[in-house]
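Novice: From the sequence below, what's the structure:
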Amino acid sequence: MDSTSIITDILISIECIALTILLFGLYYFEKINAIEFILYGTACSTFYIPFISITATPLFFISTYFFISEGTALFRSKLKMKLSLLIILFLPVLSSITISVLLTLGYDVFDGNNPSVGRVLYDGVFFYVKYFLPIVFLGTRIYRESKIHDIHYFFSIIRKVAIYSCYIGLFQLVLSSIIKDETILRVFGMRSNYLAYVAGGQDAANARVSAFFIEPKFLAAFLVVSIPLFLKENKIASLILVLIVGLLTASQTFMVGVLLSGIIFFIVKKIKNIRANVALGIMMIVMFFYSISLLKVVFLDFYATHSDNYVVNLVLSRAVDRYDTDADDGEANMNFLGIPLQKDSDLPIALFFATKPLLYLSGYGLKNGGFVPAKYYIFDNERVKDGSLTYNLDIRWFYFTCEFGLVIFLIWLHYFTKKFDSTIITPFENKYYAFLIVFLFFSGIELYIILLYAFYMGSSYYNKSKMDSNTQLINCNK
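Specialist: Numbers count the residues shown, from 1 in each chain. Have a look, this model is predicted:
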């Protein structure tokens, strides 16, 4: 989180409230629909209310609204959910229950930094109420939205948000080269630790655009999500713009996403099955990273030779930082199948689980990552580890495995990669969904997957109902 002045905090709080009121007003007066409402809120997450939380963004208020409205409709039986889906949604709580039992039996889960059983259960409930269930109910709203709009409209909104975000990001970059005042730049949506040319100056590696997303990596992820949609429509000019701005995020998330899009839509383009696409995509990206790790010395030498080049510095500096983890402590030089682990988040958790590999089966419980002892944070052991630390691991399959456990994650993966109705969902739509699932392994895009899954399921249900009604009508007219 940025260290901002009280005046800056007040200004961005006002902006957050104003944007939230504007979006709610547009939605209430039917100027925008639920799809736009949610995606616009997502794209404005750099504005929040610091006096509440960094998560108090427009999307937080939007998701809370749908959580209450959709949840109320569900309990009043206006909405129905399959029992199998309800079971899937509540499986993660088993992780917290397992940890509670282990703590009760005296098992030292967190090396002496163990929370109370009450705290574990409280964190589980907090996870569901604040984060998980609101996203689920965004999905139920989009499910019903599919009765009104088709998938082409859904995709067009993603493309629109991506293009406008690119324009905003470029404007911010130009503005930051003219204005040096950090408060003014923050008011325009920028955070000083991500942009060059701000007061004090930073090197090219930090010239990272983020538009109105809270971090460059989240803008990068959204741009990646839009790339296949621009390719499908042959919008080359827009695609080039997205690629340029994506590079300016200096995010490894973007580079991995571009590589994955090439794998899924070009290398294995003829594969239609979702699970086959996911398996092949993951295998190929792991092979790529493993090859890079074997050539790490060549990679680092190339960067050292060309580090004065702006483009090389911008694109490769963060990758070099990930791979160049050689330290006196041999444990620090860790990766998983060639995939480098981020030193201040993924790596400490990996080191923790290395001492307790069986814990991978159940995970350490919902929202319990903050209890991982400081000794595993070998590059930053001064961070607070009393359970109040909140973060999301960049490698999302690792995050969900740590939180829920490998067993539950695999059940989820099996459930959410089932075949869609081929009479309704086109081969490209299947392919695109598979692409998002693979990309989820490397980026926090679960919201977009839930929205797309809900839209697909709604489209299948409403179109099937329409076809059944037409069939009955024809039979009646015979």
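Novice: I'd assumed M81 was in a helix, is it?
Specialist: No: per DSSP: H, G, I helix; E, B strand; the rest coil, M81 lies outside any helix segment and is coil.
Novice: Distance of it relative to F75?
Specialist: According to Cβ to Cβ, to the nearest Å, M81 stands 11 Å off from F75. Placement of C-beta: from N, CA and C, glycine included.
Novice: So for those two, which residue has more residues nearby?
Specialist: Neighbours per residue (other Cβ atoms under 10 Å) separate M81 from F75, with M81 holding more: 12 against 9.
Novice: For that one, which non-adjacent residue is spatially closest?
Specialist: Taking Cβ to Cβ, 6 or more residues apart in numbering, and ignoring the residues beside it in sequence, M81 has L74 as its nearest neighbour in space, at 6.9 Å.
Novice: which residues sit in contact with the one you found?
Specialist: 81, 137, 140 (Cβ atoms under 8 Å, 6 or more residues apart in numbering).
Novice: Buried by neighbour count: which residues of the one helix or strand it maps to qualify?
Specialist: Using DSSP states H and E, L74 sits in helix 58-75. Neighbour counts over helix 58-75 (16 or more other Cβ atoms under 10 Å) mark 58-63, 65-67, 70-71 as buried.
Novice: closest to Y164 among the residues you listed?
Specialist: Ranked by distance to Y164 (Cβ to Cβ), the buried residues of helix 58-75 are led by P58 at 15.1 Å.
Novice: For burial, what's the neighbour tally of T423?
Specialist: When neighbours are defined as other Cβ under 10 Å, T423 has 10 of them.
Novice: Run through this protein and note the low-pLDDT ranges.
Specialist: Applying pLDDT under 70 to the chain picks out residues 1-4, 78-79, 192-207, 295-304, 306-338, 380-392, 465-478.
Novice: can you give me how far the helix holding L74 is from the chain middle?
Specialist: Helix 58-75 has its C-alpha centroid displaced from the chain centroid by 20 Å (Cα atoms, centre = their mean, to the nearest Å).
Novice: Start and end of stretch 28-37, how far apart?
Specialist: 10 Å (Cα to Cα, to the nearest Å).
Novice: Give the buried residues for that stretch.
Specialist: Buried, per 16+ other Cβ under 10 Å, within stretch 28-37: 32-37.
Novice: Dump the residues you listed to TSV, plus distance to F353.
Specialist: Shown next, in TSV, are the buried residues of stretch 28-37 (distance: Cβ to Cβ, whole Å):
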residue	distance to F353
I32	43
N33	43
A34	39
I35	38
E36	40
F37	39
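Novice: And the closest residue to I99 other than its chain neighbours, how far from F126?
Specialist: Nearest non-adjacent residue to I99, counting by Cβ to Cβ, 6+ apart: G365, 3.9 Å away. From G365 across to F126, the span is 12 Å (Cβ to Cβ).
Novice: Mind checking which of those two has more residues around it?
Specialist: Shown here are G365 and F126; by other Cβ under 10 Å, G365 has more neighbours (33 against 13).
Novice: which phi and psi does the more buried one have?
Specialist: Main-chain torsions, G365, degrees, to the nearest 10: phi 100, psi 160.
Novice: Contacts only, for it.
Specialist: 95-96, 98-100, 120, 123-124, 403.
Novice: same question, L23
Specialist: L23 neighbours (Cβ under 8 Å, 6+ apart): 32, 37, 40-41, 44, 58, 62.
Novice: that older thread, include distance to Q342 and neighbour count when you put the contacts of G365 into CSV, please.
Specialist: Below are the contacts of G365 laid out as CSV (distance: Cβ to Cβ, whole Å; neighbours: other Cβ atoms under 10 Å):
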residue, distance to Q342, neighbour count
S95, 23, 25
S96, 25, 27
T98, 27, 19
I99, 24, 29
S100, 29, 19
V120, 26, 28
D123, 23, 21
G124, 25, 23
E403, 17, 22
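Novice: where's the nearest residue to I62 once chain neighbours are set aside, which helix or strand?
Specialist: Nearest residue to I62, sequence neighbours excluded (Cβ to Cβ, 6+ apart): G41, at 4.3 Å. Here G41, judged by DSSP H and E, is contained in helix 34-42.
Novice: wait, which of the buried residues of stretch 28-37 is closest to L229?
Specialist: I35 (13.8 Å).
Novice: Quick check, that closest one in contact with D150.
Specialist: No: using Cβ atoms under 8 Å, I35 makes no contact with D150, being 11.3 Å away.
Novice: Span of stretch 260-275 from start to end?
Specialist: 15 Å.
Novice: hmm, who's touching it?
Specialist: With contact meaning Cβ under 8 Å, 6+ apart, stretch 260-275 is reached by 224, 227-228, 231, 276-277, 280-281, 284-285, 417-420, 427, 430-431, 433-435, 437-439, 442.
Novice: Check stretch 235-242 too.
Specialist: 159, 162-163, 166, 223, 226-227, 230-231.
Novice: you'd agree Y153 is up against I35?
Specialist: Yes: judged on Cβ under 8 Å, Y153 makes contact with I35 at a distance of 7.5 Å.
Novice: re the thing from before, give me the distance from the helix or strand just after the helix holding L74 to the chain's centre.
Specialist: Next helix or strand after helix 58-75 toward the C-terminus (DSSP H and E): helix 83-90. Here the centre of helix 83-90 is set off from its chain's centre by 22 Å, with Cα atoms, centre = their mean.
Novice: moving C-terminal of helix 83-90, what's the next helix or strand?
Specialist: Remark: after helix 83-90, the chain's next helix or strand is helix 93-104, criterion DSSP H and E.
Novice: What's the first helix or strand after that next one?
Specialist: helix 117-127.
Novice: residues making contact with that following helix?
Specialist: Defining contact as Cβ under 8 Å, 6+ apart, one finds that helix 117-127 is touched by 92-93, 95-97, 99-100, 103-104, 115, 365-368, 387.
Novice: Centre of the chain to it, how far?
Specialist: Helix 117-127 has its C-alpha centroid displaced from the chain centroid by 23 Å (Cα atoms, centre = their mean).
Novice: relative to helix 93-104, how tilted is it?
Specialist: 170 degrees (axes from the mean of the first three to the mean of the last three Cα atoms, to 10 degrees).
Novice: returning to what we had before: need the residues that contact the helix holding G41.
Specialist: With Cβ under 8 Å, 6+ apart as the test, helix 34-42 has contacts from 20, 23, 26-27, 32, 57-59, 61-63, 66, 138, 141-142, 145, 149, 153-154, 157-158, 161, 213, 222, 447, 451.
Novice: Compute the inter-axis angle for that helix and helix 58-75.
Specialist: For helix 34-42 against helix 58-75, the angle by the same axes, to 10 degrees is 140 degrees.
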